[in-house]
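**Q** pasting the sequence and the predicted model now:
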Protein chains: 2
Amino acid sequence: MRHLDLDQIRADNRRIVLQCIREAGAISRVEIAGRVDVSPTTVSNVTKELLADGLIETVEQEVRSTPAGRGRPKTLLRLRSDAAHAIGIKLAPHRAAVSVTNFVGDVLASETVPFPPHYRTPEKLIELCAQQTQQMLAISGLRSEQLLGIGIGVPGCVNSRTGEIEWSPMFADRNVPLKSALEARTGLNVVVDNEANLAGLAEIWFGLGRTSASFLLVTVEHGVGMSIAIGHQIYRGSRGFAGEFGHMKVEFDGAQCRCGKTGCVEAYVADYAIVREAGDLVGPVPIHDQQAVEEALDALGMRADAGDVRAAAIFGRAGHVLGVAIANAVNLFDPPVVIISGQRTAHLARVFMESLRRSMADNVLTAGAGLPPVKVHPWGDDLWARGAAALVLEEFMPKISLTRKRTATAAAVAAKVPSAHAVAK
Amino acid sequence: MRHLDLDQIRADNRRIVLQCIREAGAISRVEIAGRVDVSPTTVSNVTKELLADGLIETVEQEVRSTPAGRGRPKTLLRLRSDAAHAIGIKLAPHRAAVSVTNFVGDVLASETVPFPPHYRTPEKLIELCAQQTQQMLAISGLRSEQLLGIGIGVPGCVNSRTGEIEWSPMFADRNVPLKSALEARTGLNVVVDNEANLAGLAEIWFGLGRTSASFLLVTVEHGVGMSIAIGHQIYRGSRGFAGEFGHMKVEFDGAQCRCGKTGCVEAYVADYAIVREAGDLVGPVPIHDQQAVEEALDALGMRADAGDVRAAAIFGRAGHVLGVAIANAVNLFDPPVVIISGQRTAHLARVFMESLRRSMADNVLTAGAGLPPVKVHPWGDDLWARGAAALVLEEFMPKISLTRKRTATAAAVAAKVPSAHAVAK
């Protein structure tokens, strides 16, 4: 049964007003009311609460003299950069990148540490995360109480609700209870998500999401992932498993995938798959050694750039397969825009974008009515760190703020006051 | 920019309360408040409005004597079956099925008329729809003013916002403006949608949607379609094209599809594809003659039922391919349940469900955590007629009700009254 309670309306109002301020940078109350179409009274109440909570601050706009004389100074609102901080951890097959980010997405400190395959037990991971969190606090000069929590992005299949890693190419174990173990170890809030969703959240909070409520974001790196944004939120599905795009089957009995199945898009498009396909062109590369794979991929990319026809054909094929798979997803979701992201994406896009666009045009059923634009957003360190921060903010900020205000009798009060509906009449 | 205005809250409250009454059949105000978690005051206001609008009616519950003496008679609310009526039209490759349905989904009259290929120009279609609407009014004894509108389900790619048929296997023309042409011809509201969405809406309003907010519904008939329900609503995508599941590519350079592309799931699973695959087993069948195709398919199904290994293998293969494609969609959406629907579904399910489930288990990445249940719902005449009615109700009822209440100054008033947020404090 659906709920439409007043706490939810309050939380939505806070979220909408905060997002408006974040999008604008600095904005007056009147302008907020104009943009989000809630009443000036609501804006006034919500901003009063946000100021009291220390999430926003006022700033006086400089007064310019106008032909009609001097204007009155204007009070603008902006986010307080130190209102909240989050630790971000992104696990990749041979390294872990750690950062601490403030409320406006500035990365205050970051570090990349090796996380080699033989080191990858859940226990070692917990230890690494705990140590690196201390390290980030030391570098940034923050106290643990100033942290809202830790956000962790993991490749593979993550249950974001329970914080369990169901399956990941990084661990032999299944069902690693990362969230609960790390919360017990550090005493901090922890939230775990698929790494593609970090990129999606970074876009929603600090990127393209500010102008597009929905998008499909495809990550191409050591694996192929997807984050689905619908109405300014990550769509997660019924159990938090949505967006498993990398294992979409595009050919029966096709190429062998690391997941054990065949014909997955990842088995044609991920770093290791391209290097495997290149074969002799790059020489023998142990495809479980991610560092060696990345070096081989860079070398292959340079050959393609230099006009090597065979190298270009290999990227062309990867682009074609990715285009087919994206077309399948576009046929299902009809998104207004598609983002392709990844560490090496700017380069990859140069060598495979043409074949990708062609195969999208060939396979999107409604291509005649126009294809959604495909944007390439390199997945730099700042982007993922912002994604991890957004993950923590999204998960813990509204709850904390509501808890602070709510009393045990809130539900009883809500039942007695005139309802939103009655007021609207 | 998102909006959270009071009209929207009012409309949502109406929708939620109406849905609660529909789900319950007959229910008291107190029980509504308990179930939907809006305040009793809101329930009281909304139901007062719904009663005034003639959408619901009161009914006295019989008083039973209890050990403590006689109870007070209890006033329940239920939908008024005659509150609204809708014409439903479902176009299939060689017939059109027409119905008129009331507010609770009862089909008052229905008729299936031939719509042979040579007849299929947009002009003929408009004429047929207009005539059949008159016919339904005559049979049911309703007046045109009692109709909320006409809902039409069409195979192919439909822009449900504009009511244009972008592409359909039924017409040589592209971009047929069915909605505007039929509205001009009949003076009635018209809404056009993909036929799979009729099934999805029927499930949301009158079927599984009453207990599951989200689902994927796959239709298997002359084509293969999908309707995506998220949060009690059809997910339509940015241009209304979402759910084009039938043209998901599952094999490079695969079987030839009617859409002109190759390797689409439809090219392995639709009626014509199965008959084509059967070849000699069913003798020569003109695959553009849907009636001949359906007869051949029925014959093939009976052979499979009787233990014919070759016939069973053909259905097994179709089930396998459909299972791969559904697994791809499950990997993206992580739905709580999958429904397979279609005219012949009960029979098809018997002959291909085993291979379908096996290929889902093999290809859903999170199969280890459990597969979503797959339910088979035959797509009978009543189901689609209810879907068409739901399409009209969904599209026109909230607007009509709001228009009735709203005045030109509503926005101005909304800006002055205490906001939902202020009230919640």
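**A** Thanks, I have the structure now.
**Q** next up, the contacts around A:Gly316.
**A** Applying C-beta atoms under 8 Å, 6 or more residues apart in numbering or on different chains, we find A:Gly316 in contact with A:Val351, A:Phe352, A:Glu354, A:Ser355. The C-beta positions use only the backbone N, C-alpha and C, and glycine is treated the same way.
**Q** wait, what's in contact with the residue of the stretch 251-400 of chain A found nearest chain B?
**A** Per C-beta to the nearest C-beta, A:Asp334 is where the stretch 251-400 of chain A lies closest to chain B, at 2.5 Å. Applying C-beta under 8 Å, 6+ apart to A:Asp334 gives the contacts A:Thr366, A:Pro372, B:Arg236, B:Gly237, B:Ser238, B:Arg239, B:Gly240, B:Phe241, B:Ala242, B:Glu244.
**Q** equivalent analysis for A:Phe115, please.
**A** When contacts are counted by C-beta under 8 Å, 6+ apart, A:Phe115 touches A:Leu91, A:Ala92, A:His94, A:Arg95, A:Ala96, A:Leu125, A:Leu128.
**Q** who wins on neighbours among the contacts of A:Asp334?
**A** B:Glu244 (28 neighbours; other C-beta atoms under 10 Å in any protein chain shown).
**Q** and the pLDDT at that one?
**A** B:Glu244 is assigned 93 on the pLDDT scale.
**Q** distance of it from chain A?
**A** Distance, B:Glu244 to chain A, by C-beta to the nearest C-beta, to the nearest Å: 4 Å.
**Q** leaving out sequence neighbours, find the closest residue to that residue.
**A** Leaving aside its sequence neighbours, B:Glu244 sits nearest to A:Asn331 (C-beta to C-beta, 6 or more residues apart in numbering or on different chains; 3.8 Å).
**Q** most neighbours, which of the contacts of A:Gly316?
**A** For the contacts of A:Gly316, counting by other C-beta under 10 Å, the largest number of neighbours falls to A:Phe352: 27 neighbours.
**Q** mind listing what it touches?
**A** By C-beta under 8 Å, 6+ apart, A:Phe352 lies in contact with A:Phe315, A:Gly316, A:Ala318, A:Gly319, A:Leu322.
**Q** for B:Arg14, state which of the contacts of A:Asp334 is nearest.
**A** B:Arg236 (21.3 Å; C-beta to C-beta).
**Q** ok, that closest one touching B:Asn194?
**A** No - with contact defined as C-beta atoms under 8 Å, B:Arg236 and B:Asn194 do not form a contacting pair (9.2 Å).
**Q** care to break chain A down by domain?
**A** As assigned by automatic domain parsing, chain A contains the domains A:6-64+A:72-82+A:401-424, A:85-200+A:382-396, A:211-379.
**Q** what's the least confident stretch among those?
**A** domain A:6-64+A:72-82+A:401-424 (a mean of 73).
**Q** using PDB, write out every CA atom in stretch A:124-139.
**A** In PDB, the C-alpha atoms belonging to stretch A:124-139 read as follows (Å, rounded to 0.1, in the frame of the first residue of the first chain):
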ATOM      1  CA  LYS A 124      41.600  -7.400   4.700                       C
ATOM      2  CA  LEU A 125      39.100  -5.200   2.900                       C
ATOM      3  CA  ILE A 126      37.500  -4.100   6.200                       C
ATOM      4  CA  GLU A 127      40.900  -3.400   7.600                       C
ATOM      5  CA  LEU A 128      41.900  -1.400   4.600                       C
ATOM      6  CA  CYS A 129      38.700   0.700   4.700                       C
ATOM      7  CA  ALA A 130      39.100   1.400   8.400                       C
ATOM      8  CA  GLN A 131      42.700   2.400   8.100                       C
ATOM      9  CA  GLN A 132      42.100   4.600   5.100                       C
ATOM     10  CA  THR A 133      39.300   6.400   6.800                       C
ATOM     11  CA  GLN A 134      41.600   7.300   9.600                       C
ATOM     12  CA  GLN A 135      44.200   8.400   7.100                       C
ATOM     13  CA  MET A 136      41.700  10.700   5.400                       C
ATOM     14  CA  LEU A 137      40.700  12.200   8.700                       C
ATOM     15  CA  ALA A 138      44.300  12.900   9.500                       C
ATOM     16  CA  ILE A 139      45.100  14.500   6.200                       C
END
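**Q** other residues contacting that stretch?
**A** Applying C-beta under 8 Å, 6+ apart, the contact partners of stretch A:124-139 are A:87, A:89, A:91, A:96, A:98-100, A:109, A:111, A:113, A:115, A:119, A:142-144, A:147, A:150, A:152, A:176, A:178, A:181-182, A:185-186, A:188.
**Q** just the CA trace of the one helix or strand A:Leu51 maps to, in CSV.
**A** For A:Leu51, the element it lies in under DSSP states H and E is helix A:40-52. C-alpha atoms of helix A:40-52 as CSV (Å, rounded to 0.1, in the frame of the first residue of the first chain):
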residue,chain,number,x,y,z
PRO,A,40,6.8,31.3,-1.0
THR,A,41,5.6,30.3,2.5
THR,A,42,6.8,26.8,2.1
VAL,A,43,10.2,28.0,0.8
SER,A,44,10.4,30.4,3.7
ASN,A,45,9.7,27.6,6.2
VAL,A,46,12.0,25.1,4.6
THR,A,47,14.9,27.5,4.3
LYS,A,48,14.5,28.6,7.9
GLU,A,49,14.8,24.9,8.9
LEU,A,50,17.8,24.3,6.6
LEU,A,51,19.5,27.4,8.1
ALA,A,52,18.8,26.2,11.6
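**Q** run the chain-centre distance for the helix or strand just after it.
**A** Scanning forward in sequence from helix A:40-52 by DSSP H and E, the next helix or strand is strand A:56-61. Distance of strand A:56-61 from its chain centroid, counting by C-alpha atoms, centre = their mean, to the nearest Å, is 29 Å.
**Q** now for strand A:56-61, which elements pack on it?
**A** Strand A:56-61 sits against helix A:40-52, strand A:74-79, with contacts defined as 3 or more C-beta pairs under 8 Å, 6 or more residues apart in numbering or on different chains; DSSP states H and E.
**Q** tilt between the first one and strand A:56-61?
**A** Following axes from the mean of the first three to the mean of the last three C-alpha atoms, to 10 degrees, one obtains 110 degrees for the angle between helix A:40-52 and strand A:56-61.
**Q** of the contacts of A:Gly316, which belong to helices?
**A** Residues of those located in helices (DSSP state H): A:Val351, A:Phe352, A:Glu354, A:Ser355.
**Q** now render those residues as a markdown table, adding distance to B:Glu164.
**A** Shown next, in a markdown table, are those (distance: C-beta to C-beta, whole Å):
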| residue | distance to B:Glu164 |
| --- | --- |
| A:Val351 | 38 |
| A:Phe352 | 34 |
| A:Glu354 | 31 |
| A:Ser355 | 31 |
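**Q** flag every residue of the stretch 151-300 of chain A that's near chain B.
**A** Within reach of chain B by C-beta under 8 Å from any C-beta of the partner chain, the stretch 151-300 of chain A has these residues: A:157, A:159, A:166-167, A:174, A:213-214, A:226, A:228, A:230-232, A:235-245, A:247-252, A:259, A:261.
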